[in-house]
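A.B. asks: pasted the sequence and its predicted model underneath.
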Amino acid sequence: MSETTVPPKVQTAPETKVRPERPHLYKVILLNDDYTPREFVVTVLMGIFRMTEAEALGVMLTAHRRGACVVAVFTREVAEMKAQQGTEAGQRKGYPLAFTTERED
Ligand code: TYC
């Protein structure tokens, strides 16, 4: 005896595909100043942005020479958190080190 129950055929609306919006991306920008020691900038970049020493050195030197350098690109929350962490790391040492964020086009 097969007591198999057959599920009733229910009329459903055609599946509507939900496609979440692609989130905007934000650049984290390192700003040059005349006071923060180069080595400290490199240490902060390595610690917060998981860069190698060579990468951090390159970014620090670009900011030093040109006034600013894009460090990395993230979603808004992550970019703002990392910019704040970097800026606060400088403030704790009394340095004017500053990171900003800027939305990509
Ligand atoms: N200009 C600083 C100095 O000569 C070093 C420095 C580089 C500071 C990059 C900030 O984003 C910066 N000590």
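C.D. replies: Everything's here; your move. Residues are numbered from 1 along each chain as shown.
A.B. asks: okay, now residue 30: neighbour count?
C.D. replies: 27 (other CB atoms under 10 Å). (Glycine included, C-beta is placed from N, CA and C.)
A.B. asks: could you pull up the residues touching it?
C.D. replies: 41, 45, 59-60, 63, 68-71, 86, 98-99 (CB atoms under 8 Å, 6 or more residues apart in numbering).
A.B. asks: mind checking which of the residues you listed are buried?
C.D. replies: Buried members of those, scored by 16 or more other CB atoms under 10 Å, are 41, 45, 59-60, 63, 68-69, 71, 86, 98-99.
A.B. asks: kindly indicate which of those lies nearest residue 25.
C.D. replies: Distance to residue 25 across the buried ones among the contacts of residue 30 (CB to CB) is lowest for residue 71, with 13.1 Å.
A.B. asks: the closest one belongs to a strand?
C.D. replies: Yes: according to DSSP: H, G, I helix; E, B strand; the rest coil, residue 71 belongs to a strand.
A.B. asks: and the closest residue to it other than its chain neighbours, which of the three is it?
C.D. replies: Counting by CB to CB, 6 or more residues apart in numbering, residue 71 lies nearest to residue 28, which is 4.6 Å off, once chain neighbours are set aside. Residue 28 falls in the strand class when you classify it by three-state DSSP.
A.B. asks: residue 28 and residue 101 touch, don't they?
C.D. replies: Yes: assessed by CB atoms under 8 Å, residue 28 is found in contact with residue 101 at 5.7 Å.
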